[in-house]
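1. show me how the following folds:
(one chain, ligands or ions: 1)
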Amino acid sequence: MTMTEKALILTGAELYTPTYLIAPGAVLIRAGKIMAVGDPDAVIAFDPAAERIDVGRAKIMPGLIDLHIHGLQGFDVLGKYISAASNVLPAYGVTAYLPTTYPVFPETFLDDLALMGKVIRSQSGGAVALGIHLEGPYLSPHKPGMCDPNFIYPMTEEDLEKMLSASQNAIKMITFAPEEGDSLKMIPELIRRGIVPSIGHSDADFETVSKAVRFGLNHSTHTFNAMSGLHHRSPGVVGGVLYFPEIVAQIIADGHHVHPAVINLLIRVKGVERVCLVSDAQPFAGKENGRYPWGPYEMIIKDGTSQLADGTIAGSVMLMNRMLGVLVEQVKISLKDAVTMATKVPASVLGLNKGQLRPGFDADITVLDDRYEALLTLVEGKIVHQLV
Ligand SMILES: [Zn+2]
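-> The predicted model follows:
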């Protein structure tokens, strides 16, 4: 062991690994990695010369990982604003994310993907953009959500190939309707290329979901929103997501998209390790009430929601740190379980060495106060946000 590398110890009243809650707890960081976790005396004894930061009553946890986010603070991540978004996300405790697309003009979409791929490959600083989440155009015209049906069309092998090569293989997740086009038979190919196939914006019946799971489907996009619902004689996509343990279910916990009781039911049915918190934040999350242009759409932000003129809910305006508060206060689960859904689960979906405070894992860490505000955020051991 070399003691010349600068090491840092964070100590605080509560530390969520998140498999364990250690209170009080400490974590030792060196060369961008977690070196040791435990009670403060044991961790300090491990490296007494390390610099120390005591966060007091605040909570230490892995950095939040958002697999579904369209932007924030006016930065639309479909295009050139990924770096700008990466720089502001740590203020919300987010250390890694998938910049997410939405259906826009097909004529310019390949250029958008090329630009996103380029920015992702050359990023420096802030939260890590892990790759692109393609939400659209391969959606069901019957479940468009906020999306203009004119920009939606079925997946074909040829079209998918164009998207992947335009992005230079930066696409890591695709939301699609398996009942449309060639998408069902493309699932094994997505898996082979390391892309997470996610059912969403889908009107499929249970039998189609069942086939898709046998082909490798293992994820669902904003569960309950924009998918065929559960009827006792027709279980639909929601029934399939609940039924198949292979599927990890995204959930938007902003208190508006899904009733807290239904989120609680989802967690009880699937288990906390199979539910993945996502923000689905739209690019004007974090801005004041008002009307904002989002690509071809006009968004109205009011009363904690984002809507089209006809009242359709269109993305959220809340980031994941605040959603932890909704999970604890409204859904009535423990903070430990809420943190698991925001860190360990999304990291495991993408197979990352992140999302847990365990020796050898990347030192992506966030410290939240009692109001779920991020006081301190580290990405790979570097402080990227500090309020105190
Ligand atoms: Zn979305």
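2. give me the beta-bridge partners of the nearest residue to Asn289 once chain neighbours are set aside?
-> Closest residue to Asn289 apart from its sequence neighbours, by CB to CB, 6 or more residues apart in numbering: Lys302 at 4.9 Å. In short, each C-beta sits where N, CA and C put it, glycine included. When bridges are called by DSSP bridges, Lys302 pairs up with Thr305.
3. tell me the pLDDT at Lys302?
-> With respect to pLDDT, Lys302 scores 91.
4. got it, and the one 5 residues further on?
-> In the predicted model, Gln307 carries a pLDDT score of 91.
5. how far off centre is stretch 367-387?
-> With CA atoms, centre = their mean, to the nearest Å as the basis, stretch 367-387 stands 18 Å off its chain's centre.
6. got the buried residues for it?
-> For stretch 367-387, the neighbour count (16 or more other CB atoms under 10 Å) marks 367-369, 372-381, 384-385 as buried.
7. which members of the residues you listed are positioned in strands?
-> Residues of the buried residues of stretch 367-387 located in strands (DSSP state E): Val367, Leu368, Ala374, Leu375, Leu376, Thr377, Leu378, Val379, Val384, His385.
8. I figured Asp369 hits Ala58, correct?
-> Yes. Counting by CB atoms under 8 Å, Asp369 touches Ala58, with 4.9 Å between them.
9. related to what we said a few turns ago, nearest to the ion among the ones in strands among the buried residues of stretch 367-387?
-> Ala374 (22.5 Å; CB to the ion).
10. which residue is the nearest non-sequential neighbour of the closest one?
-> Once flanking residues are discounted, Ala374 sits nearest to Gly93: 3.9 Å by CB to CB, 6+ apart.
11. please enumerate the helices of this protein.
-> In the chain, the helices defined using DSSP state H lie at 40-46, 82-88, 106-121, 157-166, 183-192, 206-215, 236-243, 260-270, 320-329, 335-342, 344-350.
12. quick check, distance from the first one to the centre of its chain.
-> Computed by CA atoms, centre = their mean, the separation of helix 40-46 from the middle of its chain amounts to 33 Å.
13. check what pLDDT the one residue in the stretch 1-150 of the chain that gets nearest to the ion gets.
-> Nearest residue of the stretch 1-150 of the chain to the ion, counting by CB to the ion: Glu135, 4.8 Å away. Here the pLDDT value assigned to Glu135 is 96.
14. if we can go back for a sec, who touches both of Asp369 and Ala58?
-> Contact criterion CB atoms under 8 Å, 6 or more residues apart in numbering; residues shared by Asp369 and Ala58: Leu375.
15. Phe151 and the ion, how far apart?
-> 14 Å (CB to the ion, to the nearest Å).
16. wait, Gln307
-> 14 Å.
17. mind showing which ranges of the stretch 1-150 of the chain have poor pLDDT?
-> 1-5 (pLDDT under 70).
18. which ones are touching the closest residue to the ion within the stretch 201-350 of the chain?
-> At 4.4 Å from the ion, Asp280 is the closest residue in the stretch 201-350 of the chain, using CB to the ion. Applying CB under 8 Å, 6+ apart, we find Asp280 in contact with His68, Ile69, His70, Thr100, His222, Ile252, His257, Gly315, Ser316.
19. if you rank these by neighbours, which is first?
-> Gly315 (31 neighbours; other CB atoms under 10 Å).
20. excluding chain neighbours, what is closest to it?
-> The shortest distance from Gly315 to any non-neighbouring residue, by CB to CB, 6+ apart, is to Gln282 (3.1 Å).
21. next one: Leu376
-> Across the structure, with CB to CB, 6+ apart as the measure, the residue nearest Leu376 apart from its sequence neighbours is Val367 (4.1 Å).
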